[in-house]
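**Student:** pasting the sequence and the predicted model now:
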Amino acid sequence: MRLDIISIFPEYFAPLDVSLIGKARERGTLDVRVHQLRDWAHDVHKTVDDTPYGGGPGMVMKPEVWGEAIDDVIEGGSPRMVVPTPSGRPFTQELAQELAQEPWLLFACGRYEGIDSRVMEEYSGRLRVDEVSIGDYVLAGGEVAVLVMVEAVGRLLPGVLGNAQSAVDDSFAPGAMRNLVEGPVYTKPPLWRGHEVPAVLLSGHHGNVARWRRDEAIRRTVRNRPELAAALDPATLDKHDRKL
Ligand SMILES: Nc1ncccc1[N+](=O)[O-]
């Protein structure tokens with residue numbers, strides 16, 4: 001997968017050189033290219049923003065600069081364009097799985113009050129453009145959101161996770177874990193400061209272990225994410241209600 005990121009703070013993406021994503025880049029699974037938006041601002045101050053039409057606080061990023069930058073980066077190609085913004089569609093594990101199928105993603109990082117809307121209008125005619133939110137809070141810009149999305153998508157690419165199975169068992173993963181968060185995890189020692197590991201996990205009985213894990217996933221989902229639990233099959237919940 002090729003990933004292009006356009007931002008006025010390219011240094012935000014240094015973390016993409018470490019850990020799983022860094023190794024995927026070394027292996028060539030991921031081809032990440034970070035671009036400094038100001039390279040396409042031609043005035044002496046490399047201006048990328050201006051005051052909003054209609055008044056109001058803050059600044060809006062200029063369409064001309066973005067247009068030149070995107071045209072140069074995509075060179076007539078058609079990546080899927082993702083614009084992080086608090087007003088976008090929710091970023092979910094499902095959307096991460098969908099984006100992981102794409103051969104080429106372009107992330108446009110807005111700062112300030114956002115990017116002039118005509119940029120999204122202009123490219124929606126040529127590319128798949130998604131405005132995406134990683135959560136209902138306001139960050140100073142899209143860079144951190146892109147780090148979140150690149151990590152969530154990158155770990156789903158073939159060969160990135162040592163054990164491909166773990167992506168299947170992820171919280172929220174489509175299939176068995178849909179609308180479920182994962183339950184508690186344990187490792188050695190079996191007893192630590194008086195706290196024991198649940199006996200079933202030491203039993204070696206895989207069927208019982210799988211059932212216990214599902215029970216705990218449902219229990220934690222009901223406790224921490226009642227809105228997800230509400231979407232669970234009632235039969236599933238019913239079996240567990242008695243124990244909660
Ligand atoms: N929440 C956000 N705040 C600012 C920029 C982008 C954001 N987001 O969720 O993608």
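**Tutor:** Everything's here; your move.

**Student:** got the phi/psi numbers for the nearest residue to residue 126 once chain neighbours are set aside?
**Tutor:** Counting by CB to CB, 6 or more residues apart in numbering, residue 78 is the residue found nearest to residue 126 once chain neighbours are left out, at 6.5 Å. Where C-beta positions appear, they are placed from N, C-alpha and C, glycine not excepted. Dihedral angles of residue 78 (phi, psi; degrees, to the nearest 10) stand at phi -140, psi 70.

**Student:** ditto for residue 111
**Tutor:** According to degrees, to the nearest 10, residue 111 has phi -120, psi -170.

**Student:** list the contacts of the residue nearest to residue 126.
**Tutor:** Contact partners of residue 78, counting by CB atoms under 8 Å, 6 or more residues apart in numbering, are 104, 126, 127.

**Student:** residue 72: what secondary structure?
**Tutor:** When classified by DSSP: H, G, I helix; E, B strand; the rest coil, residue 72 comes out as helix.

**Student:** contacting residues around the residue lying closest to it once chain neighbours are set aside?
**Tutor:** Nearest-residue entry for residue 72: residue 40, 6.9 Å, with adjacent residues in sequence omitted and distances by CB to CB, 6+ apart. Applying CB under 8 Å, 6+ apart, we find residue 40 in contact with 65, 66, 68, 69, 72.

**Student:** now, which of these sits nearest residue 14?
**Tutor:** residue 69 (20.3 Å; CB to CB).

**Student:** kindly confirm whether my reading is correct that that closest one touches residue 48.
**Tutor:** No: between residue 69 and residue 48 there is no contact, the gap being 9.3 Å when judged by CB atoms under 8 Å.

**Student:** mutual contacts of the two, please.
**Tutor:** With CB under 8 Å, 6+ apart, residue 69 and residue 48 have common neighbours residue 37.

**Student:** longest helix in the protein, by residue count?
**Tutor:** helix 206-224 (DSSP state H).

**Student:** give the buried residues for that helix.
**Tutor:** 212, 213, 214, 215, 216, 217, 218, 219, 220, 221, 222 (16 or more other CB atoms under 10 Å).

**Student:** which of the residues you listed are close to the ligand?
**Tutor:** Among the buried residues of helix 206-224, none lies close to the ligand by the criterion of CB under 6 Å from any ligand atom.

**Student:** and the helix or strand encompassing residue 3, what does it pack onto?
**Tutor:** Residue 3 is part of strand 2-7, with elements assigned from DSSP states H and E. When contacts are defined as 3 or more CB pairs under 8 Å, 6 or more residues apart in numbering; DSSP states H and E, strand 2-7 packs onto strand 31-36, helix 63-74, strand 104-108, helix 143-154.

**Student:** quick check: residues of the chain near the ligand?
**Tutor:** So the chain meets the ligand at 84, 85, 86, 133, 134, 135, 137, 138, 139, 141, 142, 145 (CB under 6 Å from any ligand atom).

**Student:** narrow those to those in helices?
**Tutor:** Checked against DSSP H, those include these in helices: residue 145.

**Student:** by neighbours, which of the residues of the chain next to the ligand wins?
**Tutor:** residue 142 (29 neighbours; other CB atoms under 10 Å).

**Student:** residue 96 touches residue 150, doesn't it?
**Tutor:** No: using CB under 8 Å, residue 96 is not in contact with residue 150; the gap is 9.9 Å.

**Student:** helix or strand right after the worst-scoring helix or strand of the chain on mean pLDDT?
**Tutor:** Among the helical and strand segments of the chain, the one scoring lowest on mean pLDDT, DSSP states H and E is helix 164-168, with a mean of 66. Of the helices and strands lying after helix 164-168 in sequence (DSSP H and E), the nearest is strand 191-192.

**Student:** low-confidence ranges in this protein?
**Tutor:** Scanning the chain for pLDDT under 70 picks out 162-167, 238-244.

**Student:** nearest residue to the middle of it?
**Tutor:** residue 149 (2.5 Å; CA atoms, centre = their mean).
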